[in-house]
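**Q** okay, here's the prediction I keep looking at, along with the sequence it came from:
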Amino acid sequence: MKSLTFTIPLLFIILLSCGEESKKENSDVDKNGKLKVISVNYPLHYFAQVIGGDFVDAVYPIPTDVDPAYWNPDEKALIRFQSADLILLNGAGYAKWISKVSLSSSKLVNTSKSFSENYLDLKESTLHSHGPGGAHEHEGYAFTTWLNFENGVKQAELVKDALVKKIPNAKDQLNSNFNLLKDELISLHQKMTEVAKNLDGETLFTSHPVYQYLADAYKLKIISVHWEPGEMPDRVEWENLDNKLKKNPSKIMLWEDEPLPQIVERLEKQGVKIVVFNPCGNKPEKGNFMSLMNNNVLKLSQIIN
């Protein structure tokens, strides 16, 4: 199966060749003297906000109705990336468009660099589509790295280090902010570790192949399908699930978002309860990264007790 490629329009190439001054003239450069930090997903944006505090202008240009991993920037968004002081990358093949454009290497921060040797390979490659982003494949590395909450600590630390390098006079406050975030992430890791123990090796089904780091970190056995919460699976997909359940009995299925009522009803008839465990790749409608992750762990805990 051929992989999809992202073609940069000629206009974008012209824009990328513009000088730094012309970029800033057409951008929303912070006029308050704050460090302008832009991120390729919401977790990194949240880390930048919490650690940077009043010292940064944290920019997040990605619409909430798309998967940031497969989002491609338009002209306006590209200019915002070009004008930023720091560009926070997730690594592990996340946001492949970055490799197609020319951005200043001095601004780029691969936040998962410290554990790049431990990236998880995807076991399969399946073409499908969801949302306005169009069709795409899950291939290469798994990239929801932050679902191993210890990885989240490491990513947040690299965000902190990059900020300290740019704003050395704010080092003490940045370190203090990071330490508070680190404590929250470690607490989250401990809660998830306890939930995993209570699962006692039970198989979990997942609606999408995005939970690899969660499974790896907390020793969970997961089996993934490619279902979308807003689309009723067809007869063949239900038959495939039935066959998998016969071989691997399970009472729980993780979803990225609340599925259609008819999906919930049919799963429950098969003895399978749904748990919305939102990976939080994009900005939630309510709450923030930490509140959403704590809620994810809580809901999983409640359903197994």
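**A** Received, thanks. Residues are numbered from 1 along each chain as shown.

**Q** buried sites along stretch 252-266?
**A** By neighbour count on 16 or more other C-beta atoms under 10 Å, the buried set for stretch 252-266 is 252-256, 259, 263-264, 266. Just so you know, the C-beta spots here come from the backbone N, C-alpha and C atoms, and that holds for glycine as well.

**Q** which residues touch that stretch?
**A** With contact meaning C-beta atoms under 8 Å, 6 or more residues apart in numbering, stretch 252-266 is reached by 202, 204-208, 210-211, 222, 227, 229-233, 238, 267, 272-279, 300, 303-304.

**Q** so which of these are in helices?
**A** 238, 267, 300, 303-304 (DSSP state H).

**Q** if any of the residues you listed are buried, put those into a PyMOL selection.
**A** Only the buried entries of these go into this PyMOL selection, using 16+ other C-beta under 10 Å:
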select buried, resi 238+267+300+304
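
**Q** out of the ones in helices among the contacts of stretch 252-266, who's nearest F115?
**A** In terms of C-beta to C-beta, no member of the ones in helices among the contacts of stretch 252-266 lies closer to F115 than L300, at 24.1 Å.

**Q** so the closest one touches V275, yeah?
**A** Yes. L300 is within contact range of V275, at 5.3 Å (criterion: C-beta atoms under 8 Å).

**Q** list buried residues within the contacts of stretch 252-266.
**A** With burial judged by 16+ other C-beta under 10 Å, the buried subset of the contacts of stretch 252-266 is 204-208, 210-211, 222, 227, 229, 233, 238, 267, 272, 274-279, 300, 304.

**Q** how about the strands in the stretch 101-250 of the chain?
**A** 108-110, 126-129, 135-138, 203-206, 221-224 (DSSP state E, counting those that start in this stretch).

**Q** between those strands, which gets the lowest average pLDDT?
**A** Among the strands of the stretch 101-250 of the chain, strand 126-129 carries the lowest mean pLDDT, a mean of 45.

**Q** low-confidence ranges in the stretch 51-200 of the chain?
**A** For the stretch 51-200 of the chain, the stretches with pLDDT under 70 are 124-139.

**Q** which residues in it form helices?
**A** Assigned helices in the stretch 51-200 of the chain, in chain order: 75-83, 149-166, 171-199 (criterion: DSSP state H, counting those that start in this stretch).

**Q** next up, identify which helix or strand I263 is on.
**A** Assigned by DSSP states H and E, I263 belongs to helix 261-269.

**Q** buried ones in stretch 68-80?
**A** For stretch 68-80, using 16+ other C-beta under 10 Å, the buried residues are 68-73, 77-80.

**Q** these two touch, right, Y218 and Q190?
**A** No. Assessed by C-beta under 8 Å, Y218 is found out of contact with Q190, at 10.9 Å.

**Q** more neighbours: those two, which one.
**A** Neighbours per residue (other C-beta atoms under 10 Å) separate Y218 from Q190, with Y218 holding more: 19 against 12.

**Q** can you give the domain ranges for the chain?
**A** Using automatic domain parsing, the domains assigned to the chain come out as 15-132+139-183, 191-304.

**Q** just how off-centre is the shortest one within its chain?
**A** Taking C-alpha atoms, centre = their mean, to the nearest Å, the mean C-alpha location of domain 191-304 is offset from the chain mean by 16 Å.

**Q** farthest-apart pair in the buried residues of stretch 252-266, please.
**A** Greatest spatial distance among those (C-beta to C-beta): E256 and R266, at 18.3 Å.

**Q** circling back: any idea which of the ones in helices among the contacts of stretch 252-266 is closest to L89?
**A** L300 (29.1 Å).

**Q** tell me who's in contact with that closest one.
**A** By C-beta under 8 Å, 6+ apart, the contact list for L300 reads 195, 252, 254, 275, 277.

**Q** now, the residues you listed that are in strands?
**A** 252, 254, 275 (DSSP state E).

**Q** can you lay out the contacts of L300 as TSV showing distance to I87?
**A** Shown next, in TSV, are the contacts of L300 (distance: C-beta to C-beta, whole Å):
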residue	distance to I87
V195	34
I252	38
L254	31
V275	34
F277	29
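
**Q** which residues does F289 contact?
**A** F289 is in contact with 42-43, 46-47, 280, counting by C-beta under 8 Å, 6+ apart.

**Q** I should have written K251 there, sorry.
**A** Contacts for K251 (C-beta under 8 Å, 6+ apart) come out as 202, 271-273.

**Q** with I98 instead?
**A** I98 is in contact with 40, 89, 108, counting by C-beta under 8 Å, 6+ apart.

**Q** mind giving me the PyMOL command for buried ones among those residues?
**A** PyMOL command restricting the contacts of I98 to the buried ones, with burial defined by 16+ other C-beta under 10 Å:
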select buried, resi 40+89
